[in-house]
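Engineer: My questions are about this predicted structure, shown below with the sequence.
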Protein chains: 2
Amino acid sequence: MSSPHLPERTGAEILCVGSELLLGSIVNSNARWLADQLAALGIPHFRQQVVGDHRSRLIAALQSASRRCRLLITTGGLGPTPDDLTTEAIAAAFDTALEERPEVWADIQAKLVRRGGIPSAALRRQALLPVGATLLPNPTGTAAGMIWSPLPGFTLLTFPGVPSEMQVMWNATAAPWLRQSGLAQGVFASRILRFWGVGESTLAGQVEDLLACPNPTVAPYAGAGEVTLRLTAAAADPAAAAALLDPLEAEVRARTAATCFGADDDSLASVVLAALRQRGQSLAVAESCTGGGLGAALAAVPGASDVFLGGVIAYANAVKQQLLGVPAELLREHGAVSDPVARAMAEGVQRQTGSTWALAVSGVAGPGGGTPDKPVGLVHLALAGPQGCTSEGVQFGASRGRGWIQTLSIGEALNRLRLALG
Amino acid sequence: MSSPHLPERTGAEILCVGSELLLGSIVNSNARWLADQLAALGIPHFRQQVVGDHRSRLIAALQSASRRCRLLITTGGLGPTPDDLTTEAIAAAFDTALEERPEVWADIQAKLVRRGGIPSAALRRQALLPVGATLLPNPTGTAAGMIWSPLPGFTLLTFPGVPSEMQVMWNATAAPWLRQSGLAQGVFASRILRFWGVGESTLAGQVEDLLACPNPTVAPYAGAGEVTLRLTAAAADPAAAAALLDPLEAEVRARTAATCFGADDDSLASVVLAALRQRGQSLAVAESCTGGGLGAALAAVPGASDVFLGGVIAYANAVKQQLLGVPAELLREHGAVSDPVARAMAEGVQRQTGSTWALAVSGVAGPGGGTPDKPVGLVHLALAGPQGCTSEGVQFGASRGRGWIQTLSIGEALNRLRLALG
């Protein structure tokens, strides 16, 4: 099974066990969480696998991983039911007998009694570990894990699939063990720079030479309207990593100018709210096709209430007239999806709430409601501020669907205000 | 590389390419979506892999998959930047030259011009496909995929990592192709039943005997407030699968009564909108701590506009007074987070919009703003209807954080209206 490309064991892999992942029932959030933890510990991580609750496939996956990596993290398959096969498959893959650990069985019984349950014979399976494995205790559940090196230079750690139990076990036992394991190669430090109003390929072109650099690395990624660059440095310690990242970030920001709106946990909403807070100004919204999503994006930011006053969800035309004072003849003459109406919405909510700034959105999110001159994807965005009000029509395209059009409308509206505050 | 356990090629595998997945930057939602699609097509799916943007590891993963499975689906690595390596690695893994497809390059240029961009030399890489591969067109983006059998009995399909582009390509080209490919072994049919107002363990207890049944299977999952049961049947054809699922669904619904609010693509919002539509009634919202999220949940449903009129985001108290007519003395006496104010908000928006029903939400989403008698997580929910208005305080708990409290508030508000319409 050894490959000419990868002759030596290197780095870590994650193996998630569970047919529910193969049936698409749940998203693999454990793999993401573990990947994040490995990066923070500076343990390079090269592959993830998912297999179902199937003994021979699980054994094959364990054996092939044991030839490639130094550290294998498994999740899932530690429960008491017959389709929980991980511990048994590990013992079989590395030709080792299982033995019952009395301290684990005592702990399982105690937990069950505390919950008012009766320890069943099935649960006793969870007290089995391969001979020679070290217990990885589960403080909150009955599915204990193991830390075991069945082969020289190869160690595996097992965790249950329940995210909260896995995370407690990781933090309490696995992370401290890994820190002193010698598997870490310094640290990886990452910084994410966030962009709006630029395509992935244009952005990549602006930093093309940097994309080829081995350390620190720069990697572009396209999301829903937002594009990001992830800067990652490998170094001996966090200070050395920062010394690599700081000048790189400055260089990227200098090249990309105003399209870079923030870093790491920033969102367009958080950046706009921070800029308004600094000026002591306030914001209100008037939303038609986004139905409250623009307000929700602002309200998602902790502490938004000192800047964000609220606004009007003017989905129906009658609400545009009644709560925002949009004149009926404007609606008749131009239609709701138009610059005059978007402007009247922004000015209306600014007047009604007394806000410094107001954003208004009126468009056709689809899938129905499009016409030849107002097709699905056409959205008018208005911004009212201390110096007056402007509006513009943007065509996001019908093909991306309702949710995407709403998301782009929200981002585009916030970005206009960000640039106006710039 | 062949294993004694798996001598013949069987089923499908998914290979997701992208260092961002290994760094924990994003969750692998594509793998879940594809797993769901494969299950619906009755194509057994045995393994998922994730590798980074690393040529030799990618080639090794492609080659090992080609020895195990009949169908390999890849996502990611089709972009224009140097770290997009999938097409090139596939050609190398199966020793085949790349060639430019003029029709793909013409399509890329046309798309760029339409967006007001300039086709760069880098983008031209995206027009390369291995000799002999069939184009898998990308209607919305520039990253085309391929359908290719580099070895007898082994076919691979490539998709970009952007979920919306991948999904459009799957639905337009890949799914029809797979349906006639002969890869399906009967069908897997799944139905998801959706519940609100019941915990996962309580729900599991109500169907405990069904959880052990091998076909059809019942599997519980807990989401953000919502709990689901996934019913899955394996059968020769869709009619036989439905004959297994229909009586099971009826049995589960009979046991769980009103906590089951819908199935499959239903959401609390879509179910409430459908019930109101049937009665010819309308709905408005008044939101404080959810900031527009309740309206956005309603507006996410296509065709919401014939029932959902809109409402007021009354984040600041001045907006509650000005736009909803909440009396200042009510705010002074009881505070914004109280039943009297929530009722006044619901009645205010009902009066202002003329809606049949109105929902109001006022609470402390945190992390700041809590007090001993109005702690973080306390939310008052009011429902105004033809027979008057009621309000109730609910304590969601501070520990789950702002986003979770907002999500639960939205679901709980919609569920109250659903039960009132019941």
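Structural biologist: Perfect, I can see it now.

Engineer: Residues in contact with the helix or strand encompassing A:V272: which ones?
Structural biologist: A:V272 is part of helix A:268-279, with elements assigned from DSSP states H and E. For helix A:268-279, the surrounding residues in contact (Cβ atoms under 8 Å, 6 or more residues apart in numbering or on different chains) are A:196, A:226, A:261-262, A:282-283, A:297-298, A:300-301, A:303-304, A:306-308, A:356-357, A:411, A:414-415, A:417-418, A:421. (Glycine included, C-beta is placed from N, CA and C.)

Engineer: Using CSV, write down the CA coordinates of that helix.
Structural biologist: What follows is helix A:268-279, C-alpha atoms only, in CSV (Å, rounded to 0.1, in the frame of the first residue of the first chain):
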residue,chain,number,x,y,z
LEU,A,268,-19.1,43.7,6.4
ALA,A,269,-21.7,44.4,9.1
SER,A,270,-19.2,44.5,11.9
VAL,A,271,-16.8,46.8,10.0
VAL,A,272,-19.6,49.2,9.1
LEU,A,273,-20.9,49.3,12.7
ALA,A,274,-17.4,50.0,14.0
ALA,A,275,-16.9,52.8,11.6
LEU,A,276,-20.3,54.4,12.5
ARG,A,277,-19.6,53.9,16.2
GLN,A,278,-16.3,55.8,15.9
ARG,A,279,-18.2,58.7,14.3
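
Engineer: Name the residues of it that come out as buried.
Structural biologist: Within helix A:268-279, the residues that count as buried by 16 or more other Cβ atoms under 10 Å in any protein chain shown are A:268-273, A:275-276.

Engineer: can I get the residues you listed in CSV with pLDDT?
Structural biologist: Converted to CSV, these look like this (pLDDT from 0 to 100):
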residue, pLDDT
A:L268, 98
A:A269, 98
A:S270, 98
A:V271, 98
A:V272, 98
A:L273, 98
A:A275, 98
A:L276, 98
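
Engineer: average pLDDT for stretch A:378-393?
Structural biologist: Average pLDDT, stretch A:378-393: 97.

Engineer: any residue of it up close to chain B?
Structural biologist: No. Residues of stretch A:378-393 contacting chain B under Cβ under 8 Å from any Cβ of the partner chain: none, with a closest distance of 13.2 Å.

Engineer: What residues sit buried inside that stretch?
Structural biologist: A:378-385, A:389-391.

Engineer: ditto for stretch A:30-47
Structural biologist: A:30-35, A:37-39, A:41-47.

Engineer: Identify, from the buried residues of helix A:268-279, the entry nearest to A:R400.
Structural biologist: For the buried residues of helix A:268-279, the closest approach to A:R400 (Cβ to Cβ) belongs to A:L268, at 18.4 Å.

Engineer: what's the residue nearest to that closest one when sequence neighbours are not counted in contact with, if anything?
Structural biologist: Nearest non-adjacent residue to A:L268, counting by Cβ to Cβ, 6 or more residues apart in numbering or on different chains: A:L414, 4.0 Å away. Residues in contact with A:L414 (Cβ under 8 Å, 6+ apart) are A:268-269, A:272, A:294, A:297, A:359.

Engineer: Now do the helix or strand A:L414 falls within, average pLDDT.
Structural biologist: Using DSSP H and E, A:L414 falls within helix A:402-421. Helix A:402-421 carries an average pLDDT of 96.

Engineer: Tell me which residues of stretch A:184-197 come out buried.
Structural biologist: A:184, A:187-197.

Engineer: hmm, back to that, among the contacts of A:L414, pick out the one closest to chain B, please.
Structural biologist: Chain B lies nearest to A:L294 out of these, by Cβ to the nearest Cβ, at 6.6 Å.

Engineer: OK, contacts around that closest one?
Structural biologist: So A:L294 contacts A:285, A:287, A:359, A:361, A:409-410, A:413-414, B:292 (Cβ under 8 Å, 6+ apart).

Engineer: among these, who's most crowded?
Structural biologist: Ranked by neighbour count (other Cβ atoms under 10 Å in any protein chain shown), the contacts of A:L294 have A:V285 at the top, with 36 neighbours.

Engineer: PyMOL command for the buried members of the contacts of helix A:268-279?
Structural biologist: Buried members of those, identified by 16+ other Cβ under 10 Å, are gathered into one PyMOL selection as follows:
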select buried, chain A and resi 196+226+261+262+282+283+297+298+300+301+304+307+308+356+357+411+414+415+417+418+421
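
Engineer: Of the contacts of helix A:268-279, which belong to helices?
Structural biologist: The helices, defined by DSSP state H, take in A:297-298, A:411, A:414-415, A:417-418, A:421 from those.

Engineer: Tell me the one of these nearest chain B?
Structural biologist: Closest to chain B, out of all of the ones in helices among the contacts of helix A:268-279 and judged by Cβ to the nearest Cβ, is A:L298, at 6.2 Å.

Engineer: Which of the buried residues of stretch A:30-47 fall within strands?
Structural biologist: A:45-47 (DSSP state E).

Engineer: From the opening residue of stretch A:317-333 to its closing one, how far?
Structural biologist: Length of stretch A:317-333, first residue to last, Cα to Cα, to the nearest Å: 13 Å.

Engineer: So is it next to chain B?
Structural biologist: Yes. Residues of stretch A:317-333 contacting chain B under Cβ under 8 Å from any Cβ: A:318-319, A:322-323.

Engineer: again with stretch A:173-192
Structural biologist: Yes. Using Cβ under 8 Å from any Cβ, stretch A:173-192 comes into contact with chain B via A:188, A:190, A:192.

Engineer: from what I can see A:I405 touches A:G377, true?
Structural biologist: Yes. With contact defined as Cβ atoms under 8 Å, A:I405 counts as touching A:G377 (5.6 Å).

Engineer: quick one: common contacting residues for these two?
Structural biologist: A:363, A:366, A:396.

Engineer: Okay, and the beta partners of the first one?
Structural biologist: It stands for A:G363. Taking DSSP bridges, one obtains A:V379 as the residues bridged to A:G363.
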